[in-house]
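K.L.:
what's the 3D shape of this:
(3 chains)
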Amino acid sequence: MKKFLLIVPGLLALSLAGCSEESESSAESIDNLLTSDWQEISDAAASQEVNMYMWGGNDNINRYLDEWVAPRLKEDHGVELNRVPMNDSQDIINQLVDEKSAGKNDGSMDIIWINGENFKAAKDNELLWGDFTSQLPSFNDYIDQEAPEIAADFGEPVDGLEAPWGKAQFVFVHDENKSATPPKSMDELAVWVQDNPGQFTYPALPDFTGSAFIRHVLYETTGGYEQYQQPAADIDDLEDRLEPMWQYLNSIEPYLWREGETYPESLAKQDQLYASGEIGMTMSYDPALAASEVLKGRFPESTRTFVLDGGTLSNTHFLSIPFNSSAKAGAMVAINEMMSPEAQTAKLSPENWGDLSALDLEKLSPEQQQAMNDVDLGEATLPLDELENHQLPELSADYIEIIEKGWMEHVAKD
Amino acid sequence: MRSPRRLLNSILFLLLFIVIGLPFVPLILSSVSFGWQWPNVLPDSFSFRAWEYVLADSSGTWSAVGTSLLVAFIVTAVNLLLAVPAANALVRNSFRGKWLMEAIIFAPIVIPPFVAVMGIHLTFLRLGLTETILGVVLAHISPTLPYMVRAIMISYNTLSVDWENQARMLGAGPISRFVHVVLPHLLPGIAAGASLSILISLSQYLITFIIGSGQVVTLPILLFPFISGGDPAIASAFSLLYAGIAVLTLLGMDLALKKYYQNKKAATAKG
Amino acid sequence: MSDLRIINIEKQYPQTKQQKDPAFSLQPVALTIKEGEFFSLLGPSGCGKTTLLKLIAGLIPADNGEIWVGDDHLTAVAPEARRFAMVFQQSLLFPHMTVEDNVAFGLKMQKISKRERLADAQSMLEHVGLGGYGSRFPDELSGGQQQRVALARALVAKPRLLLMDEPFSALDPSLREEMRELLRSVQKEFHVTVLFVTHDREEAFYLSDRIGVMSEGRLLQIGKPKEIYEQPVNVEVASFLGLKNIIRGTVANNHFISNDQSFEFPIQSSIQTSQSVLIIRPETIRPVSENMVEILGCVYFKGVIHHKIFSHGYYSVKVRIGEHLLICNFTSQEAEKMNPEQPIDLMINSEDMRFVNG
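P.N.:
Got it, this is the predicted structure:
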């Protein structure tokens, strides 16, 4: 009994001591980092511990960071990378909002993995540090800074607050043994669905991927994406324009899995249905995911991916540094390293992760280009150039909101 | 006479085994499956990919197990320190506002703990308690303490003050009375309360996540992303590991308790 | 001498709103118990005898008064430091300890070495007739054996005072007698001072050197068993002691007249008018045989036999005198020829008659 009494205050003292130690490291003149040269930043980064907060639900991604990135950072730059698993990137934003209002300036998040809505929320709440990307050699050397998918994140200007880490492109996933020739347009898909009743479905909105599927329907049934590059509020007859999309979705509904009475609640569920053979098609924002699932034995070996002739949505995911990071120099070095051609090439390999490179192939040396092209993406993945030639821009968040509400009203209701 | 009863016993045992053991079968199969196509009952082939990942050094599983157990044991120890005097006061005394005290102590059973945790997150941030083991321990106390107090109160209810008076009249001071009379009587209740406290602490995700802010990594912190991320093999492997740790911890406590009683008997048998 | 001196101990329990118990107060008690004496507090349940016991033990704080043993002032001393021992109604043996450890507990608290205290416990167990039981656990013993262990446990540390709170009341009657014998012999052997609380008259009379009779928070009379039996101070004591033949009347002009006027005789002038209740012990009444000479100092009555009952070696005969049924204890020889409805003459030595306050 008495021993416990001694332990409790002891622990208190220890953990408080731990806190004060951390705050010391943040005392260095951090704002200089945005102007100082790279050598100084590298020096400041040495022996820093960098916490990277990111979604932790994929063992391939976790392994790529823990076993490929972290040891190299440690060896080459003396930076200790500590991956912190999150269940939902939204939690990162919530936590930063709390820390900001509590005035916590020695936060432990040094790198966060975000894009789209989360980036917009972080930017609006001023949770991000500043324009750091222009300091990174990898960003300056290998990134096509003018490209729209790099300069804006779901329509929101990036302003150097986050650095591109990889690209996602929407692909359909199917089993070659079940359907030898996949549909190449939404019209063909409607035919395919009628010919294969019960074999197709899509995740119920607001699932991220399910919502993306509907955006493809929107683009193809209402005459292309170009008309939606302006704010939704500027289009007066938006509701009428969306009408063909709802008609399309309702026309295929009777031939969907379970006659469309219910939709899988998440992509994970739908993947599970595909993995277990209950349905014949799924979809992914990760073009190489199917290949890596085949490697894992979850998806059948005859799994292949395809894109629509009219193209599929593509977006970029980014790494950023929160306003209160205690190891900003270390974070910059780590991000720079993760954007290096070597790290990006390794990331591309389905054995590691299978995530598309964020770099501009043309800015790489011939050897680097060769290395990237030599990566075996697996039989299930489309060649890089085929993907690149079929990319469509994302819609901005205001449209997505309208579509998600509309889907509940027009499709899910009856 | 005898054999039908034995038969009945074995049938009951089998049923019990099925009820407890059956849910683990698909977990085990799923954790080692490699390609499991519907409508097959069993996976086509097996792979230890999930286990390799879970048990690899880089996945941080073992340090998470260590953190989980450390938190659970400190929480339980603190609970014990709080619950014994609290139970004593609630059972032995009647005082103004007693119902209010009880309501406050037992409220976390009814109120979802994250409601409270959302509120204390900001406070803990200001106090510098987030991201520390201490903060997580403090946050875990709210959902676990009621069970500990409840269990010890039940033990106290059956302990008449006469026992302590008797020890007193034999010359036992307050500490001796507690050690030799009260504690042995409370021990079963303490064991029950501690088991609950450990299990509940081990299973906390949201509280650990919010207060620990990713810096206190327990087993559920690693496990949850895989459940929602849809990797059934790894989620199953983690779940099995979690169940294993919980069962081992309880078994360990049970053994320690048995040993305690055995030592008592052995010590007296020698003399 | 280490006598126990209780000086005006008192305790008030205010009436609480929630509880329906009436207010209870223990009137100041002054009492000295000699070293080695066996003193009983006798009274009906709720009379405050257990409260007094716990006040002396220190388990309840007293409102006023002092407690001394010899030259030690104990009022402010914690119960565990008083070197008293107590046996409760329940044996209260610690269930997780063996019999031996239970008995040795008090010595353990005194930090006596394990070898020594176990040896003492062994020998004390032999004294209470439980020599081979040391390594058993309490739940393996019968109720009587448990109470023996409790007694051994209380005695082993040589307490200055042994407090006993109705220790045998939970046992069945035959066991109770056995335990009385044991307690008496052990008490004499160890010369231990005992304060014994009971509501059982027989038990108190059998065991005690002196008895204190209590009722409603007051100590009514203290005395040797014979004294309080023969000379109860008032009707309350008399009726609690179970005395028969209590006759109410008036005392005037050196005469006693019962309320129904069936008793009337002269009395000594020393008897006050307030002492208006007459108590006649059944064994002091004798039948008058025909040719007997009238003895000076005896009072004579005439009555009619109501009925007779044989009881443990004598006859209990009820004689109707006026409205009273006088109970008389006669020998078999005396009662042989008596039959109901026969007239009978009775005589009592006036010294055997006791007049008390009403």
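K.L.:
Going by C-alpha atoms from here, please, whenever you check contacts or count neighbours.
P.N.:
Fine.
K.L.:
Can you report how many residues lie near residue B:47?
P.N.:
16 (other CA atoms under 10 Å in any protein chain shown).
K.L.:
Next, it: phi, psi?
P.N.:
When quoted as degrees, to the nearest 10, the phi and psi of residue B:47 stand at phi -150, psi 150.
K.L.:
Distance-wise, check it relative to residue A:296.
P.N.:
9 Å (CA to CA, to the nearest Å).
K.L.:
Next: residue A:146.
P.N.:
Distance of residue A:146 to residue A:296, given as CA to CA: 37 Å.
K.L.:
Name the residue in these two with the higher neighbour count.
P.N.:
More neighbours surround residue A:296 than the other of residue A:146 and residue A:296, with 19 against 9 (other CA under 10 Å).
K.L.:
So residue C:357 versus chain B, what's the distance?
P.N.:
40 Å (CA to the nearest CA, to the nearest Å).
K.L.:
Likewise for residue A:338?
P.N.:
Residue A:338 is 18 Å from chain B, by CA to the nearest CA.
K.L.:
Residue A:395 now?
P.N.:
From residue A:395 to chain B the distance is 25 Å (CA to the nearest CA).
K.L.:
Can you tell me the closest non-neighbouring residue to that residue?
P.N.:
Spatial nearest neighbour of residue A:395, excluding adjacent residues (CA to CA, 6 or more residues apart in numbering or on different chains): residue A:154 at 6.4 Å.
K.L.:
Please list all residues in contact with the one you found.
P.N.:
Residue A:154 is in contact with A:115-117, A:315, A:394-397, counting by CA atoms under 8 Å, 6 or more residues apart in numbering or on different chains.
K.L.:
what's it sitting at in phi/psi?
P.N.:
When read as degrees, to the nearest 10, the backbone of residue A:154 gives phi 50, psi 50.
K.L.:
cool, and the one 3 residues further on?
P.N.:
For residue A:157, the backbone dihedrals (degrees, to the nearest 10) come out as phi -60, psi 130.
K.L.:
Check the gap between the residue nearest to the spatial centre of chain C and residue C:280 for me.
P.N.:
With distances taken as CA atoms, centre = their mean, the residue of chain C nearest its centroid is residue C:204 (3.3 Å). Going from residue C:204 to residue C:280 by CA to CA gives 22 Å.
K.L.:
now do residue B:161
P.N.:
46 Å.
K.L.:
Those two: who's more crowded?
P.N.:
residue C:280 (23 against 12).
K.L.:
For that one, list each beta-bridge partner.
P.N.:
Beta-bridge pairing for residue C:280 (DSSP bridges): residue C:353.
K.L.:
Hmm, residue C:351 and it touching each other?
P.N.:
No: look at residue C:280 against residue C:351 with CA atoms under 8 Å: they stay out of range, at 10.3 Å.
K.L.:
what comes up buried for stretch A:190-209?
P.N.:
Residues of stretch A:190-209 classed as buried by neighbour count (16 or more other CA atoms under 10 Å in any protein chain shown): A:190, A:192-194, A:196-207, A:209.
K.L.:
Need the mean per-residue confidence for it.
P.N.:
Averaged across stretch A:190-209, pLDDT comes to 90.
K.L.:
Pairing partners for the helix or strand residue C:315 falls within, with directions?
P.N.:
According to DSSP states H and E, residue C:315 maps onto strand C:314-321. Strands flanking strand C:314-321 in the sheet, each with its direction: strand C:298-311 (antiparallel), strand C:324-330 (antiparallel) (DSSP bridges).
K.L.:
Can you say which of those strands is packed in most?
P.N.:
Mean neighbours per residue, mean count of other CA atoms under 10 Å in any protein chain shown, is largest over the strands paired with strand C:314-321 for strand C:324-330, with a mean of 21.
K.L.:
C-terminal to that strand, what's the next element?
P.N.:
helix C:332-335.
K.L.:
Which residues does that following helix contact?
P.N.:
Taking CA under 8 Å, 6+ apart as the rule, helix C:332-335 contacts C:287, C:313-315, C:317.
K.L.:
Roughly how far does the residue nearest to residue A:118 when sequence neighbours are not counted sit from residue A:321?
P.N.:
Of all residues not flanking residue A:118 in the chain, residue A:90 sits nearest, at 6.4 Å (CA to CA, 6+ apart). Separation of residue A:90 from residue A:321 (CA to CA) stands at 16 Å.
K.L.:
Those two - which one has more neighbours?
P.N.:
residue A:321 (27 against 16).
K.L.:
Give the helix, strand or coil label for residue C:347.
P.N.:
Put simply, residue C:347 is strand when judged by DSSP: H, G, I helix; E, B strand; the rest coil.
K.L.:
Including mean pLDDT, could the strands paired with strand C:314-321 go into TSV?
P.N.:
Putting these into TSV (pLDDT from 0 to 100) gives the following:
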stretch	mean pLDDT
strand C:298-311	89
strand C:324-330	90
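K.L.:
Can you convert those strands into TSV and add a column each for distance to residue A:388?
P.N.:
Shown next, in TSV, are these (distance: least, CA to CA, whole Å):
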stretch	distance to residue A:388
strand C:298-311	121
strand C:324-330	125
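K.L.:
picking up where we left off before, any of the contacts of residue A:154 buried? List them.
P.N.:
A:115-116, A:315, A:394-397.
K.L.:
among those, which are in helices?
P.N.:
Secondary structure from DSSP state H places residue A:397 of the buried ones among the contacts of residue A:154 in helices.
K.L.:
which among the buried ones among the contacts of residue A:154 gets closest to chain B?
P.N.:
Set against chain B, the nearest of these by CA to the nearest CA is residue A:115 (17.7 Å).
K.L.:
neighbours around residue B:103, how many?
P.N.:
12.
K.L.:
Could you do residue A:68 as well?
P.N.:
Neighbour count for residue A:68, taken as other CA under 10 Å: 15.
K.L.:
OK, contacts around it?
P.N.:
Listed by CA under 8 Å, 6+ apart, the contact set of residue A:68 is empty.
K.L.:
how about the helices in chain B?
P.N.:
Using DSSP H, the helices assigned to chain B run over residues B:2-21, B:24-31, B:49-55, B:61-92, B:98-110, B:113-127, B:133-157, B:161-169, B:174-177, B:183-203, B:206-212, B:219-229, B:232-270.
K.L.:
what angle do the last one and helix B:219-229 make?
P.N.:
Put plainly, it is helix B:232-270. Here helix B:232-270 runs at an angle of 150 degrees relative to helix B:219-229 (axes from the mean of the first three to the mean of the last three CA atoms, to 10 degrees).
K.L.:
name the helices or strands packed onto helix B:232-270?
P.N.:
With contacts defined as 3 or more CA pairs under 8 Å, 6 or more residues apart in numbering or on different chains; DSSP states H and E, the packing partners of helix B:232-270 are helix B:24-31, helix B:49-55, helix B:183-203, helix B:219-229.
K.L.:
picking up where we left off before, CSV please, covering the buried ones among the contacts of residue A:154 and showing pLDDT and distance to residue C:295.
P.N.:
Shown next, in CSV, are the buried ones among the contacts of residue A:154 (pLDDT from 0 to 100; distance: CA to CA, whole Å):
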residue, pLDDT, distance to residue C:295
A:115, 85, 127
A:116, 84, 127
A:315, 87, 134
A:394, 85, 135
A:395, 83, 134
A:396, 80, 133
A:397, 78, 129
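K.L.:
just the buried ones among the contacts of residue A:154 now: which is nearest residue C:149?
P.N.:
Using CA to CA, residue A:115 is the member of the buried ones among the contacts of residue A:154 that lies nearest residue C:149, at 78.5 Å.
K.L.:
which residues touch the closest residue to the closest one other than its chain neighbours?
P.N.:
Excluding the flanking residues, the one nearest residue A:115 by CA to CA, 6+ apart is residue A:317, at 5.2 Å. Neighbour list for residue A:317: A:113-115, A:164-168 [criterion: CA under 8 Å, 6+ apart].
K.L.:
repeat for residue B:195
P.N.:
Counting by CA under 8 Å, 6+ apart, residue B:195 makes contact with B:250, B:253.
K.L.:
swap the cut-off to 10 Å and go again
P.N.:
Contact analysis of residue B:195 by CA atoms under 10 Å, 6 or more residues apart in numbering or on different chains lists B:72, B:76, B:147-148, B:189, B:201, B:246, B:249-251, B:253-254.
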